[in-house]
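Participant: structure for this input, please:
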Amino acid sequence: MRRDIGMAPLRPSANLTGALVHRLAEEIRSGRLAPGARLPTEQDLMREAGVSRTVVREAVAALRAEGLVVTRQGVGAFVTERPGEGIFRLTPSEAEGLQQVIQVLELRLALEVEAAGLAAERRSAAALAMIEEAEALFDAAVAAGGDAAEADFALHRAIFMATGNPHFLRFLEVLGRHAIPRRALGLVERSEAERKQYLAQVRGEHRLVAAAIAAGDPEAARGAMRRHLEAARERYRRLAAQAG
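Facilitator: Predicted coordinates for the structure are as follows:
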């Protein structure tokens, strides 16, 4: 049975996922989607909002991380009985400026370093394959002239999955695409040489993390992840100093 909520198509946006999350969250918080109500299906949301399946899935994951919905395998997503109560969440305004990006990186440092170590201890063949796939996606995105943000996110997600602890993934879902804040770097406005240099540096840092995980070396994985995130924090600090 098709369920519509009268949603107008989303306007073109740099962040369609964020726009869809905001729209659905408003429906939930206003009570138009009541506790226990089932969200429209993926197909219905794609049709109503005029977005891709990927955008819909990312939006539902973000709503789940915010405690607004729960998902039931093979059934769909449902509004929670007490939407969002007591759930940590990060709003766009809390993650867009350079100082906010630095704060998010500090939060990531506190968690992702240990996640890398656990991934090295617990990695499986399937988890390593996902990490390798994300690395290949990163290379392909750079070669195509992109900023590789999606592939970057996929790599960190694969590392979190390799821990075998679902709560790490829930944390990443809360951060969403704020975890990879390419726009704050102004990468699109930079020259091709600058873009390639920056992404080559990130790729090299990723390679060290992935190699340590594949080798089953927890301390090396923690060290590589720490250096990667500290290097990212330093890049944003330099930008903040230039802007100030």
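Participant: burial of the residue lying closest to Ala214 once chain neighbours are set aside, as a residue count?
Facilitator: Using C-beta to C-beta, 6 or more residues apart in numbering and skipping residues adjacent in sequence, the residue nearest Ala214 is Leu128, 5.7 Å away. The way it works is simple: take the backbone N, C-alpha and C, and place the C-beta from them, glycine included. Leu128: 16 surrounding residues under other C-beta atoms under 10 Å.
Participant: again, but for the one 5 residues further on
Facilitator: Residues near Glu133, counting by other C-beta under 10 Å, number 14.
Participant: what sits against it?
Facilitator: Glu133 is in contact with 154, 158, counting by C-beta atoms under 8 Å, 6 or more residues apart in numbering.
Participant: which pLDDT does the model give it?
Facilitator: Note on Glu133: pLDDT of 94.
Participant: any stretches of this protein with poor pLDDT?
Facilitator: 1-14, 83-97, 176-178, 181-190, 243-244 (pLDDT under 70).
Participant: and Phe78, that one's in a strand?
Facilitator: Yes: counting by DSSP: H, G, I helix; E, B strand; the rest coil, Phe78 is located in a strand.
Participant: find the nearest non-adjacent residue to Val60, please.
Facilitator: Leaving aside its sequence neighbours, Val60 sits nearest to Ala77 (C-beta to C-beta, 6+ apart; 5.2 Å).
Participant: tell me, how many residues neighbour that neighbour?
Facilitator: Ala77, neighbours per other C-beta under 10 Å, totals 24.
Participant: gap between it and Arg47?
Facilitator: Separation of Ala77 from Arg47 (C-beta to C-beta, to the nearest Å): 16 Å.
Participant: ok, back up a step: contacts only, for the residue nearest to Val60.
Facilitator: Here Ala77 is in contact with 38-39, 60, 63-64, 69-71 (C-beta under 8 Å, 6+ apart).
Participant: in the chain, which spans are strands?
Facilitator: 69-72, 76-79 (DSSP state E).
Participant: which one of these lies nearest to Asn165?
Facilitator: Among the strands of the chain, the nearest to Asn165 by C-beta to C-beta is strand 69-72 (18.5 Å).
Participant: show residues contacting the closest one.
Facilitator: Contacts of strand 69-72 (C-beta under 8 Å, 6+ apart): 28, 39, 60, 63-64, 77-80, 83.
Participant: which of these has the largest number of neighbours?
Facilitator: Leu63 (26 neighbours).
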